[in-house]
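J.: one predicted model, sequence on top.
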Amino acid sequence: MGKKLAVVALGGNALLRGDQAGTIDEQEENTALTLENLVFLINEGYDLIITHGNGPQVGNILMRNDAGEQMYNIAQMPVDICVADSQGGIGYMIERMFRNVLNKHGIRKNVICIVTQIVVDKNDAAFSDPQKRIGKIYTKEEAEHLSATKGWIFREEVKADGGFRRVVPSPVPIDIMNCSNIRDLARKGNIVIAAGGGGVPVYIDEKKDVRPAEAVIDKDLASSLLASLTGADEFYILTDVPYIYINYKKPDQEIKEFLSYTDAMKYLNEGQFAKGSMAPKIEACLNFLKRGGKMSVITEAFKLADKKYGSKITMEYED
């Protein structure tokens, strides 16, 4: 029987915790601790593809864009280039830290980072209703000026001290470039880092040319698609909670360690999962199963190796 292939999506506090400043030392320490948890998958014979988030990092890149333009008249780069920048930087960090973790455990494997383009439909409804907030908070006057000069779209902030933030579309991923190469590399025993931050969003025009999209893609949906297209057996999302809960943070909160596809879909439709956090993760897991995957797992970044933790979703399950 061949090795199993697992796609592991690093998110939540896998790279950066909410109470941290975001220094490279903090990110490297968190990353190394998370990757230690993946060694058990290697020892159990899994081939691995790793994806990751980029929210704080790409936000910082966008703010550096702003500062460079305002202070030094440096031309701003578009969102797709900023996402690619974050993929390269974070991918390099994960690759280097994983090489060190493997060396510590006496494991000889190549670790390869691929800057990945994700194809979206240029007619996706998200392009006519941008919702994803990116970059810094601006005053009303600044937002109006940028809207007039750059064509950016802004929405008012309801948190913190108000202000306005740029919003961009978040279209559904429909294909992944170089997917067969990612699969083949992983199946040959290499650890592959791909589709970071949801991937660089692109679309195919009438001439079949590849064009950039000023958008961001949900990292969990992109990771789920990658898992399906590479024929992965299992899909893991590492986040900041050890289980899936219903009635989260209420007196009748309940852990769901095992869920069928049907039950998870029922809870999703009931609104049990927050739209900005757990809901897209559940949707990504269900998409993977619907497309033929065997099992999806959601758990805390530092507890994957401890099999007492983690919620497992399958098409069916037995009590």
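T.: Structure received. Residues are numbered from 1 along each chain as shown.
J.: which parts of the host helix or strand of Ser180 are buried?
T.: For Ser180, the enclosing helix or strand under DSSP states H and E is helix 179-187. Buried residues in helix 179-187, counted by 16 or more other Cβ atoms under 10 Å: Cys179, Ile182, Arg183, Leu185, Ala186, Arg187. Heads up, the C-betas are built off the backbone N, CA and C, glycines and all.
J.: hang on, isn't the third one packed against Thr230?
T.: What it means is Arg183. Yes. Shown here, Arg183 and Thr230 form a contact pair, counting by Cβ atoms under 8 Å, at 4.0 Å.
J.: number of residues surrounding Asn30?
T.: For Asn30, the count of nearby residues is 20 (other Cβ atoms under 10 Å).
J.: quick check: Gln87 touching Gly197?
T.: Yes. With contact defined as Cβ under 8 Å, Gln87 reaches Gly197; the gap is 5.9 Å.
J.: which residues do those two both contact?
T.: Taking Cβ atoms under 8 Å, 6 or more residues apart in numbering as the contact rule, the neighbours common to Gln87 and Gly197 are Asn54.
J.: if we can go back for a sec, which elements pack onto the helix holding Ser180?
T.: Packed against helix 179-187 by the contact rule (3 or more Cβ pairs under 8 Å, 6 or more residues apart in numbering; DSSP states H and E) you find strand 5-10, strand 47-52, strand 191-193, helix 219-229.
J.: which residues outside the second one are in contact with it?
T.: Counting by Cβ under 8 Å, 6+ apart, the neighbours of strand 47-52 from elsewhere in the structure are 3-11, 14-15, 38, 41-42, 90-91, 94, 98, 182, 186-187, 189, 191-197, 219, 222-223, 226-227, 230, 232.
J.: can I get stretch 9-27 as PDB, trimmed to CA atoms?
T.: This file holds the C-alpha atoms of stretch 9-27, laid out as PDB (Å, rounded to 0.1, in the frame of the first residue of the first chain):
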ATOM      1  CA  ALA A   9      -2.800  24.200   6.300                       C
ATOM      2  CA  LEU A  10      -0.900  26.300   8.800                       C
ATOM      3  CA  GLY A  11      -3.100  29.100  10.200                       C
ATOM      4  CA  GLY A  12      -4.100  30.800  13.500                       C
ATOM      5  CA  ASN A  13      -1.200  30.800  15.900                       C
ATOM      6  CA  ALA A  14       0.800  28.400  13.800                       C
ATOM      7  CA  LEU A  15       2.900  31.300  12.600                       C
ATOM      8  CA  LEU A  16       1.900  34.300  14.800                       C
ATOM      9  CA  ARG A  17      -0.100  34.600  18.000                       C
ATOM     10  CA  GLY A  18      -2.600  37.400  18.500                       C
ATOM     11  CA  ASP A  19      -0.700  38.900  21.500                       C
ATOM     12  CA  GLN A  20       2.700  39.100  19.700                       C
ATOM     13  CA  ALA A  21       4.300  42.000  18.000                       C
ATOM     14  CA  GLY A  22       5.100  39.900  14.900                       C
ATOM     15  CA  THR A  23       8.900  40.000  15.000                       C
ATOM     16  CA  ILE A  24      10.800  37.400  12.900                       C
ATOM     17  CA  ASP A  25      12.100  35.800  16.100                       C
ATOM     18  CA  GLU A  26       8.500  35.200  17.300                       C
ATOM     19  CA  GLN A  27       7.400  33.900  13.900                       C
END
